[in-house]
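>>> Sequence first, predicted model second:
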Amino acid sequence: MQEGADPASVAYESVIRALKEEVDVLFVDTAGRLHNKVNLMNELTKIKRVMGKVLENAPHEVMLVLDGSTGQNAFEQARQFTAATEVNSLTVTKLDGSAKGGVVLGISDQFTIPVRFIGLGEGIEDLRVFDKEAFVDALFD
Ligand SMILES: Nc1nc2c(ncn2[C@@H]2O[C@H](COP(=O)(O)OP(=O)(O)OP(=O)(O)O)[C@@H](O)[C@H]2O)c(=O)[nH]1
Ligand SMILES: [Mg+2]
């Protein structure tokens, strides 16, 4: 669709096309947003709702990606987003090169939603499957 098109209609049309072309996986990567921007939070709800109209239960997973370098702020964002919209998994990025690694332990402890991936750098290979025990072990290496 054209630049500037309504994100919900882009998502809606994408599901239709994914079904038509029989693709296995459709990723809908939304633009970043602040949890205190009500209209943008409502937009997320709408994106989810219209996708479900085309394909029952879609989207099958909603992942929230948090910037771990913001420390407590990431924690607060996780709290606000999971309260505002249904989130099934978490990814915490930028845990490299800072002393903020602990935030992911707090998040995975406090939320029932699983942390699936963590980001330890800019390369694709730096996106790792999160294993809480291995992560704790590495902290003491
Ligand atoms: N050091 C480091 N950099 C990262 C990590 N994850 C992402 N980045 C960098 O952070 C910048 C922003 O990443 P994006 O993937 O564009 O972030 P985004 O959340 O999609 O941003 P918007 O779509 O604008 O909301 C890029 O330069 C990435 O390379 C990480 O785990 N560690
Ligand atoms: Mg992005």
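Sure, I can see it. Ligands and ions are numbered 1, 2, ... in the order given.
>>> And the strands in the protein?
Here the chain has its strands, by DSSP state E, at 63-67, 89-93, 115-119, 127-129.
>>> Nearest to ligand 1, out of the ones you listed?
For the strands of the chain, proximity to ligand 1 was assessed by C-beta to the nearest ligand atom; strand 115-119 is nearest, at 2.4 Å. Backbone N, C-alpha and C define where each C-beta goes, glycine included.
>>> Quick one: mean pLDDT for the closest one?
Mean pLDDT, strand 115-119: 95.
>>> quick check: angle from that strand to strand 89-93?
Our comparison of strand 115-119 with strand 89-93, counting by axes from the mean of the first three to the mean of the last three C-alpha atoms, to 10 degrees, yields an angle of 20 degrees.
>>> what lines up beside strand 115-119 in the sheet?
strand 89-93 (parallel), strand 127-129 (antiparallel) (DSSP bridges).
>>> Check which residues of it are buried.
115, 118-119 (16 or more other C-beta atoms under 10 Å).
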